[in-house]
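In: Would you be able to build a 3D model of this:
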Amino acid sequence: MVTIAEVARQAGVSSSTVSYVLSRKRSISEDTRRKVEAAIQDLGYHPHAGARALASNRSDIIALMVPLRSDMFVPVIMEIAMAVTTQAREFGKDVLLLTKDEGTGGVRRVSGSGLADAVILMDVELDDDRVPVLQGTGSPAVLIGLPADTAGLTCVDLDFDATGGACVDHLADLGHRDVALIGESEAVYRRHTGFAARTLAGFQRRAAERGLRAVHRPCEGTYESTAGVLARILEERPTTTGFVVQNEAAIAPLLSLLRLSGRVVPEDTSIVAICPDQVALQSSPRLTSVSIPAEEMGRNAVRQAMAQLQGDRRSSVMLLPPRLTVRESSGAAPTA
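Out: Numbering: from 1, shown residues only. All right, here's what the predicted structure looks like:
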């Protein structure tokens, strides 16, 4: 293992100078800094993590807390996690991914122990009991998601309220008068998970504003549950011609079931999905969709966390505007 002394000999400076370059606790001339950094690069030196943490009172770790549940779409979560990790490395930080059921106890353990310099919290509920605990620790923290009360918080999220409205507007502009939202599983709504609740609110409000008849049905995403949901919607509202789908697992079953029922997409029925572009593009037909900006959310969350670590503790809410891309699954409402 390469030592500081070896780096110092290579750079022609003292060991203390190398330490100052690493810790940035003292002003070092640019020429000396370049010599030390070149020696570090040439020798492949890596500071001991424990010693570095003791010296700087920093762990150089960001904790990403995301309870993985069976009713969550894991690919989106992991895409966000990858973006967080990549952006964190650009700031010289590592990421500790906590995927167990990390509730208030997990927040206290991570924030109170100095295990991480900052916390990024995902799967945020409207009345999330982790949030006041996190605020009470005083640790730098960013939420990917919005609770009901964002006062004093730093949050990054897709504007899901506007997303629900944008989907309705698209279908209304195409002449659809009866629309349905096939949503996440019942458990997601019972938890008052922010993204699902806000999408539903935006969907219902805009439908009322546009004079559309609208219905919402949760869906487990299996073929059987999707078949049951579709049957109930068409039984209650046989004139339904526009579907908004916020459940990636239900997309393929829904398309199959519509084909089996003789409903052609988009001639008879239009579909707008809220999903990753990859899901929309791999479907047949390709789906009109609002994409999930997973990478943008993850990177912005890290930038906000780093700003807090550098002393900017102002709260902020960053809502990314929905981007609806028209593809092959939506068209003019069928004429009577």
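
In: shaky segments in this protein?
Out: 1, 23-25, 46-59, 100-102, 111-114, 336 (pLDDT under 70).

In: Show me how it divides into domains.
Out: 4-56, 61-158+294-320, 160-291 (automatic domain parsing).

In: okay, these in a markdown table with distance to T335 and mean neighbour count next?
Out: All C-beta atoms are positioned from the backbone trio N, CA, C, and that covers glycine. Conversion of these to a markdown table gives the following (distance: least, CB to CB, whole Å; neighbours: other CB atoms under 10 Å):
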| stretch | distance to T335 | mean neighbour count |
| --- | --- | --- |
| domain 4-56 | 68 | 15 |
| domain 61-158+294-320 | 35 | 18 |
| domain 160-291 | 9 | 19 |
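
In: Tell me which of the ones you listed sits nearest to V326.
Out: The closest of those to V326 is domain 160-291. By CB to CB, the value is 5.1 Å.

In: could you pull out the helices for this protein?
Out: Defined through DSSP state H, the helices belonging to the chain, from first to last, are 4-11, 15-23, 30-43, 49-56, 74-90, 104-112, 130-137, 160-173, 186-190, 194-209, 223-236, 248-260, 277-282, 294-309.

In: Among these, single out whichever gets nearest to A63.
Out: Put simply, out of the helices of the chain the one that sits nearest A63 is helix 104-112, at 4.8 Å, with distance taken as CB to CB.

In: How about E295: what's its closest non-neighbour residue?
Out: The shortest distance from E295 to any residue that is not its chain neighbour, by CB to CB, 6 or more residues apart in numbering, is 4.2 Å, and that residue is A83.

In: picking up where we left off before, S330 is nearest to which of the domains of the chain?
Out: With CB to CB as the criterion, S330 lies closest to domain 160-291 of the domains of the chain, at 4.0 Å.

In: so how far is that closest one from its chain's centroid?
Out: 21 Å (CA atoms, centre = their mean, to the nearest Å).

In: and that domain, how far apart are its ends?
Out: End-to-end distance for domain 160-291: 11 Å, by CA to CA, to the nearest Å.

In: re the thing from before, next, format the helices of the chain as a markdown table and append distance to T154.
Out: Compiled in a markdown table, the helices of the chain are given as follows (distance: least, CB to CB, whole Å):
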| stretch | distance to T154 |
| --- | --- |
| helix 4-11 | 36 |
| helix 15-23 | 27 |
| helix 30-43 | 32 |
| helix 49-56 | 23 |
| helix 74-90 | 14 |
| helix 104-112 | 15 |
| helix 130-137 | 11 |
| helix 160-173 | 18 |
| helix 186-190 | 24 |
| helix 194-209 | 15 |
| helix 223-236 | 37 |
| helix 248-260 | 28 |
| helix 277-282 | 27 |
| helix 294-309 | 5 |
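
In: who wins for proximity to R323 among the ones you listed?
Out: Distances from R323 to each of these were compared using CB to CB; the shortest belongs to helix 160-173, at 8.8 Å.

In: Would you confirm that A305 contacts V142?
Out: Yes - when contacts are counted by CB atoms under 8 Å, A305 is listed as touching V142 (4.9 Å).

In: shared neighbours of these two, anything?
Out: Residues touching both A305 and V142 (CB atoms under 8 Å, 6 or more residues apart in numbering) are A118, I120.

In: ok, the residue nearest to E295 touching R299?
Out: Yes - between A83 and R299 a contact is recorded at 5.2 Å, counting by CB under 8 Å.

In: so what's the nearest residue to R323 once chain neighbours are set aside up against?
Out: Nearest residue to R323 in three dimensions, chain neighbours excluded: S291, at 6.0 Å (CB to CB, 6+ apart). Taking CB under 8 Å, 6+ apart, we find S291 in contact with C275, P276, D277, A280, R323, T325.

In: Would you mind measuring from G152 to R314?
Out: Distance from G152 to R314, counting by CB to CB, to the nearest Å: 10 Å.

In: gap between stretch 295-312 and the chain center?
Out: For stretch 295-312, the distance from its own C-alpha centre to the chain's C-alpha centre is 13 Å (CA atoms, centre = their mean).

In: wait, I meant stretch 70-86
Out: The chain centroid and the centroid of stretch 70-86 are separated by 7 Å under CA atoms, centre = their mean.

In: what's near enough to touch Q246?
Out: Listed by CB under 8 Å, 6+ apart, the contact partners of Q246 are L181, I182, G183, E184, A196, T199, A273, I274, C275.
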